[in-house]
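Engineer: Structure of the sequence below:
(chains A and B)
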Amino acid sequence: MGLKLYNSLTRRKEDFEPLEEGKVGIYVCGPTVYGHAHLGHAKSYVSFDVLVRYLRYLGYNVTYVQNITDVGHLTDDADQGEDKIGEAAKKEKKHPMALAESYTCSYFDDMDKLNCLRPDISPRASGHIVEQIGLVKTLLEKGYAYEVQGSVYFDVSKFEDYGKLSGRNTDEMLAGARVEVSADKENPVDFALWKRAEPNHIMQWPSPWGMGFPGWHLECSVMSMKYLGKTIDIHGGGLENKFPHHECEIAQSEAANDAQFVRYWLHNNMVTVDSQKMGKSLNNFITLKQAFSGSHERLTRSYDPLAVRQLILNSHYRSPLDFSDAALFAGQSGYGRITETVKAIRKRVDAAAEGELDNEVADQLAQLKDKFEAAMDDDLNTSVALSVVFELVRLANKLLEDNSATSTTLEAVDDLFGALGGDVLGIVRDEYPQVSAADDARVDNVVKIVIGERSAAREQKDFARADELRKQLESCGIILEDKPDGTQWRWK
RNA sequence: GGCGGCGUAGCCAAGAGGCCUAAGGCGACGGUUUGCAAAACCGUUAUUCGCCGGUUCGAAUCCGGCCGCCGCCUCCA
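Structural biologist: Okay, the predicted model is just below:
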């Protein structure tokens, strides 16, 4: 078998073989930090997180680089556009770097909640101005770029392969162009490497061409080169960045280095909300913080971050994903079922009798593991991989019901949950605190008093009273479950 | 206008020529269990894969047409 990945460059699934045996360098286009992360970010970064996790599961030594864009990303093409960070900074009356810093923290916070592993390196564009100027110089020296009044543009006509990723040719692009072309450009398809800054532009740096700031595409080339080398194994990003962003990255990098830039290009698909493109004007723009707290008019409740993650993994990364309250609700229910089973298994391990591993169970576990790996090997088919976790849930619950499994057998089940559901998919946690927050601990005490009252009523066969107490708790969002070893409670 | 994708049960979603009389999840319904519930387990829920034709011994899977939806081409993950 072996891992196969769909390479956007060749439009085929290919056997994955890193440049250097056992080591993988991955670069993923990170966020432009001018606002809170939304559901689209979640799909993208969860998808690539699973890729990184699976590569590590397979034993590769992975270096994962994901940039933070804090300068140079314009709201518009050509010279008319304003820097996104700069524009947001004006609105929030903050220094651009303060704005970028706060949304960078916000982003990491959301990604942590989604159980996305932190990249090994999160380089900031603004921290690599020197390197970016260096690349522009190289391109000028090699004749791939030209300077016009303090701005430097890449001469697309000099780079033959331009369009090889997106499958476009420059003639077609001109026909469909809807944007007014900058007068500075020799050719409308040329793109900016460095831009001259007007005096009132806050984010600007000295360069051989005067005060200015880097073009957006430049940072990814420079930072992937710096940390992963001239040729990287995998470059990931959103489908919408295939053109022009990634096409321009290829052009500048390969023109400068005379070496292939990326061996495997991976693009994840977009999200919609209630079947429509997510956009602020459509009122269906949902940030992760809103999804986690339920504070959005399209949502009926709050959703566990890992339930959001599970919903994302329920479909393929190259398929579009429609977020809706119903879909999130389904994700939440399924996630809850997995979680409850894992918790129950772990609880039972301690109580179970010691003994040998059940061979029949061991066989079933091995089969599930094989099926899981085969699915993941096939261009990360997380949908099937997730179905394997649900098969494991059913197996686990049957063992719990039989109540005859040895602790060794239960540990083997838990280990597989940890490896597949935890290490790779990131939806099973190592620890589930009994009560997660200090407030819940207080609630726990109160609920236990009520449970005590109800148990007393039940012992005296006063079921009317018992049911009344249970009903009252339910109206507070608390569900009681009478288990063989006592009554438990959980949030609805 | 150019380029690309999608349409599978009430909903989400795998499958990409025979293993499909189509995974898995959610929901619903019936059963076991329970004082009753909840949870769990068992079972039922698409003879059919947008529609119409074609290729083939064989098609959800390939080809053509039609209908519907979406994305990119301008910033977006």
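Engineer: Please count neighbours and contacts with C-alpha atoms only from this point.
Structural biologist: Fine.
Engineer: Up against RNA strand B, what does the stretch 351-492 of chain A have?
Structural biologist: Counting by C-alpha under 7 Å from any atom of the strand, the stretch 351-492 of chain A comes close to RNA strand B at A:381, A:383-384, A:386-388, A:390-391, A:393-395, A:397-398, A:401, A:458, A:463-464, A:466-467, A:479-483.
Engineer: ok, now the stretch 201-350 of chain A?
Structural biologist: A:237-245, A:269-272, A:275-278, A:311, A:314-316, A:319-322, A:326-327, A:329-331, A:333-334, A:337, A:340-341.
Engineer: Put the buried members of the residues of the stretch 351-492 of chain A next to RNA strand B into a ChimeraX selection.
Structural biologist: Buried residues among those (16 or more other C-alpha atoms under 10 Å), as a ChimeraX selection:
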select /A:381,383,384,386,387,388,390,393,395,397,466,479,480
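Engineer: Can you flag which of the residues of the stretch 351-492 of chain A next to RNA strand B belong to helices?
Structural biologist: Applying DSSP state H to those, the entries found in helices are A:383-384, A:386-388, A:390-391, A:393-395, A:397-398, A:401, A:458, A:463-464, A:466-467.
Engineer: wouldn't A:Ser221 be in contact with A:Ala251 here?
Structural biologist: No - with contact defined as C-alpha atoms under 8 Å, A:Ser221 and A:Ala251 do not form a contacting pair (9.5 Å).
Engineer: Which parts of the stretch 201-350 of chain A are strands?
Structural biologist: A:212-214, A:232-238, A:262-268, A:271-273, A:276-277, A:321-323 (DSSP state E, counting those that start in this stretch).
Engineer: Compare the ones you listed and say which comes out lowest on pLDDT.
Structural biologist: Lowest mean pLDDT of the strands of the stretch 201-350 of chain A: strand A:276-277, a mean of 80.
Engineer: List of residues touching it?
Structural biologist: A:Val271 (C-alpha atoms under 8 Å, 6 or more residues apart in numbering).
Engineer: Quick one: distance of it to the chain centre.
Structural biologist: Remark: strand A:276-277 is offset 20 Å from the chain centroid, using C-alpha atoms, centre = their mean, to the nearest Å.
Engineer: go on, stretch A:195-211?
Structural biologist: On C-alpha atoms, centre = their mean, the centre of stretch A:195-211 falls 34 Å from the chain's centre.
Engineer: Under the pLDDT cut-off, which ranges of the stretch 51-200 of chain A? List them.
Structural biologist: Counting by pLDDT under 70, the stretch 51-200 of chain A contains low-confidence ranges at A:72, A:74-81, A:169-183.
Engineer: How many residues are close by A:Asp430?
Structural biologist: Neighbour count of A:Asp430, defined by other C-alpha atoms under 10 Å: 12.
Engineer: Just list the residues touching it, thanks.
Structural biologist: Residues in contact with A:Asp430 (C-alpha under 8 Å, 6+ apart) are A:418, A:422.
Engineer: Torsion angles phi and psi at it?
Structural biologist: The phi and psi values for A:Asp430, taken as degrees, to the nearest 10, are phi -70, psi -40.
Engineer: what angle separates the top helix by length along chain A from helix A:382-402?
Structural biologist: Counting by DSSP H, the longest helix found in chain A is helix A:325-351. Interaxial angle of helix A:325-351 relative to helix A:382-402 (axes from the mean of the first three to the mean of the last three C-alpha atoms, to 10 degrees): 40 degrees.
Engineer: quick one: A:Asp190 and A:Phe159 touch, right?
Structural biologist: No - A:Asp190 is beyond contact range of A:Phe159, at 10.6 Å (criterion: C-alpha under 8 Å).
Engineer: more neighbours, those two?
Structural biologist: Counted by other C-alpha under 10 Å, A:Asp190 and A:Phe159 do not tie: A:Asp190 has more neighbours, with 21 against 15.
Engineer: one step back: of the residues of the stretch 201-350 of chain A next to RNA strand B, keep whichever come out buried.
Structural biologist: By 16+ other C-alpha under 10 Å, those give A:237-239, A:242, A:245, A:269-272, A:278, A:311, A:314-316, A:321-322, A:329-331, A:341 as buried.
Engineer: The nearest residue in space to A:Gly336 that is not next to it in sequence: how many residues sit nearby?
Structural biologist: In space, and not counting its chain neighbours, A:Gly336 is closest to A:Ala307: 7.9 Å by C-alpha to C-alpha, 6 or more residues apart in numbering. A count of nearby residues for A:Ala307, using other C-alpha under 10 Å, gives 22.
Engineer: Do I have it right that A:Ala307 meets A:Ile338?
Structural biologist: No - under the criterion of C-alpha under 8 Å, A:Ala307 is not in contact with A:Ile338, lying 10.4 Å apart.
Engineer: Could you find the closest non-adjacent residue to A:Asp112?
Structural biologist: A:Arg118 (7.6 Å).
Engineer: Run a quick neighbour tally on the one you found.
Structural biologist: 14.
Engineer: so which helix or strand takes in it?
Structural biologist: Assessed by DSSP states H and E, A:Arg118 sits outside every helix and strand.
Engineer: Check A:Ile26 too.
Structural biologist: strand A:23-28.
Engineer: mind checking how far that strand is from the chain centre?
Structural biologist: Worked out by C-alpha atoms, centre = their mean, strand A:23-28 lies 15 Å from the chain centre.
Engineer: now the residue nearest to A:Gly422 when sequence neighbours are not counted: how far from RNA strand B?
Structural biologist: Spatial nearest neighbour of A:Gly422, chain neighbours left out: A:Val428 (4.3 Å); criterion: C-alpha to C-alpha, 6+ apart. Taking C-alpha to the nearest atom of the strand, to the nearest Å as the measure, A:Val428 falls 15 Å from RNA strand B.
Engineer: What's the local residue count around the closest residue to A:Ala385 other than its chain neighbours?
Structural biologist: Nearest non-adjacent residue to A:Ala385, counting by C-alpha to C-alpha, 6+ apart: A:Phe372, 4.9 Å away. Applying other C-alpha under 10 Å, we find 21 residues neighbouring A:Phe372.
Engineer: Quick check: A:Phe372 touching A:Phe390?
Structural biologist: No - using C-alpha under 8 Å, A:Phe372 is not in contact with A:Phe390, being 11.1 Å away.
Engineer: so what sits against both of the two?
Structural biologist: Counting by C-alpha under 8 Å, 6+ apart, nothing touches both A:Phe372 and A:Phe390.
Engineer: Hmm, A:Phe285 is touching A:Met278, no?
Structural biologist: Yes - using C-alpha under 8 Å, A:Phe285 is in contact with A:Met278, at 5.3 Å.
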